[in-house]
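Enquirer: A structural model of the following input is requested.
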Amino acid sequence: MLSLFSIIYYIFALIIYILALPFLLVKLKNPKYKVAIPSKFFLKDNCSFEKEAIWFHTCSMGETKAIKPLVDELEEVNISVITNTGFEEAKKLTSNVRYLPFEIFLPFWINKQKALVVMEAELWYMLFLIAKNKGTKTYLINARISDKSYSSYKKFAFFYKKVFKNIDKVFVQTNIDKERLLELGANNVEVIGNIKLAQLPKVTKEFRKVDDILITAGSTHENEEKLILDSYSRKYGKLVIVPRHPERFDKVDLLIKDYIKNNNLIYHRFSNQEDFNSDIILVDKLGELNNIYAVSDVVILGGAFEKIGGHNPVEPAFFGCKLISGENIFNQKSLFECVNDYKIVKNDELKECLESLKDLKNSSLVQEGDIKPIIDELKGI
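Expert: Numbers count the residues shown, from 1 in each chain. The predicted model follows:
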């Protein structure tokens with residue numbers, strides 16, 4: 001039976017929905033939302049999950065990527081998401097993917113599941129309430145409350161106490177997070193670290209470290225190699241360029257050859273000579289990036305100097321490299337939160353940043369995580 005608070009909350013959500021309808025109809029003109037908005041706010045082609053399974057709910061791409069090790073351990077899963085990028089990432093894990101409908105639809109949309117496993121800060125009141133009322137075990141995983149957001153959470157502590165009343169267990173990142181969540185009304189809280197760091201990079205081949213600064217431009221895209229070369233000087237160290245896509249190897253090769261004409265530098269392709277004895281090296285082989293990070297001093301991480309969304313900063317941070325990235329990290333924000341001491345620069349600031357490499361701190365990971373407690377919990381249902 002629903003409480004008075006639940007009824008009031010539902011009516012409030014319904015009013016918000018009605019008021020938002022004109023805005024949603026305007027947003028529908030944007031092709032970016034042509035699937036997401038009808039799915040979430042009008043239930044178009046967005047039926048309930050057919051099978052009873054472990055149901056994961058995430059927000060976007062980063063959170064969805066992070067549950068892959070969990071999904072791999074389970075026989076069958078359902079996944080709901082909020083964003084387009086989250087949906088595309090979830091489709092790589094299972095065919096049972098849905099957009100999570102707006103809260104007013106959840107009482108009619110949610111079917112009983114073996115468990116509901118919600119990632120991080122997706123604290124939707126009706127989601128946990130209805131799932132719990134349908135007889136589903138409910139979990140919040142990888143939970144954390146930053147110093148910045150803690151005061152905001154405390155202002156609405158009365159509300160979060162209502163949310164946590166319907167969560168059976170919470171897996172948090174740190175002891176500080178545990179204390180804060182207990183204060184907000186959470187029960188049965190266990191510290192397991194950051195599960196985004198449960199699968200760490202591995203070295204498959206050991207290269208010899210050179211007696212010089214080794215700067216690796218990793219996972220670069222169109223226009224980024226030119227920016228890096230224009231910002232580079234041999235006095236900074238040796239430069240290794242690792243393009244993201246192999247079909248661009250020959251194009252980058254020509255770009256480097258043109259660059260060295262007037263700079264009196266030695267250059268070679270890694271496929272011809274697997275060492276770092278030249279001034280500039282083009283890595284035109286796949287599967288070597290982490291092996292090279294392991295012997296690098298500085299990493300310029302590609303994908304963020306163009307509007308690509310960035311690439312994984314955990315890999316260079318794991319090896320303690322000084323880490324430089326462009327501003328466009330919108331697909332990797334959740335992973336950058338796992339890293340200490342990185343430098344975000346504008347494109348026209350890259351040269352200045354390279355000139356002062358000695359002032360940069362080596363990056364590191366915030367805290368590693370362990371998914372085993374979650375796996376044991378889910379397999380025990």
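
Enquirer: and residue 255, how close does it get to residue 249?
Expert: 11 Å (Cβ to Cβ, to the nearest Å). Every C-beta, even on glycine, is put in place using the N, C-alpha and C of the backbone.

Enquirer: so the nearest residue to residue 96 once chain neighbours are set aside bridges to which residues?
Expert: Leaving aside its chain neighbours, residue 96 sits nearest to residue 78 (4.5 Å; criterion: Cβ to Cβ, 6 or more residues apart in numbering). When assigned by DSSP bridges, residue 78 has beta-bridge partners residue 55.

Enquirer: neighbours of residue 78, just the number please.
Expert: For residue 78, the count of nearby residues is 24 (other Cβ atoms under 10 Å).

Enquirer: ok, it - contacts?
Expert: If you count contacts by Cβ atoms under 8 Å, 6 or more residues apart in numbering, residue 78 has them with 49, 51, 53-56, 94, 96-98, 113.

Enquirer: out of these, which are buried?
Expert: Among those, those classed as buried by 16 or more other Cβ atoms under 10 Å are 49, 53-56, 96-98, 113.

Enquirer: CSV for those residues, including pLDDT and distance to residue 369?
Expert: Listed next are those as CSV, based on pLDDT from 0 to 100; distance: Cβ to Cβ, whole Å:
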residue, pLDDT, distance to residue 369
49, 98, 27
53, 97, 24
54, 98, 19
55, 98, 21
56, 98, 16
96, 97, 25
97, 98, 24
98, 98, 27
113, 98, 24
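
Enquirer: just name the closest of the residues you listed to residue 319, please.
Expert: Closest approach between these and residue 319, by Cβ to Cβ: residue 56, at 30.1 Å.

Enquirer: quick one, domains of this protein?
Expert: According to automatic domain parsing, the chain comprises the domains 29-194+369-379, 214-365.

Enquirer: residue 206 is nearest to which of these?
Expert: domain 214-365 (7.3 Å).

Enquirer: ends of the closest one, how far apart?
Expert: 21 Å (Cα to Cα, to the nearest Å).

Enquirer: what's the answer for stretch 314-329, then?
Expert: Stretch 314-329 has an end-to-end distance of 13 Å (Cα to Cα).

Enquirer: ok, stretch 326-343 next?
Expert: End-to-end distance for stretch 326-343, by Cα to Cα: 8 Å.

Enquirer: what of stretch 302-314?
Expert: Start-to-end, stretch 302-314 (Cα to Cα) is 13 Å.

Enquirer: list the buried ones in it?
Expert: 302-306, 308, 310-314.

Enquirer: hmm, who's touching it?
Expert: Stretch 302-314 is contacted by residues 196-197, 200-201, 217-224, 227, 244, 301, 323, 325-332, 335-336, 338-339, 342, 347, 350, 363, 365 when judged by Cβ under 8 Å, 6+ apart.

Enquirer: can I get the buried part of those as one PyMOL selection?
Expert: Selecting the buried subset of those in PyMOL, with 16+ other Cβ under 10 Å as the burial test, is done by:
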select buried, resi 196+197+201+217+218+219+220+221+224+227+244+301+323+325+326+328+329+331+332+335+336+338+339+342+347+350+363+365
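
Enquirer: helices or strands up against the helix or strand bottoming out on mean pLDDT in the chain?
Expert: Lowest mean confidence among the helices and strands of the chain (mean pLDDT, DSSP states H and E): helix 333-336, at a mean of 86. Applying 3 or more Cβ pairs under 8 Å, 6 or more residues apart in numbering; DSSP states H and E, we find helix 333-336 packed against helix 61-66.
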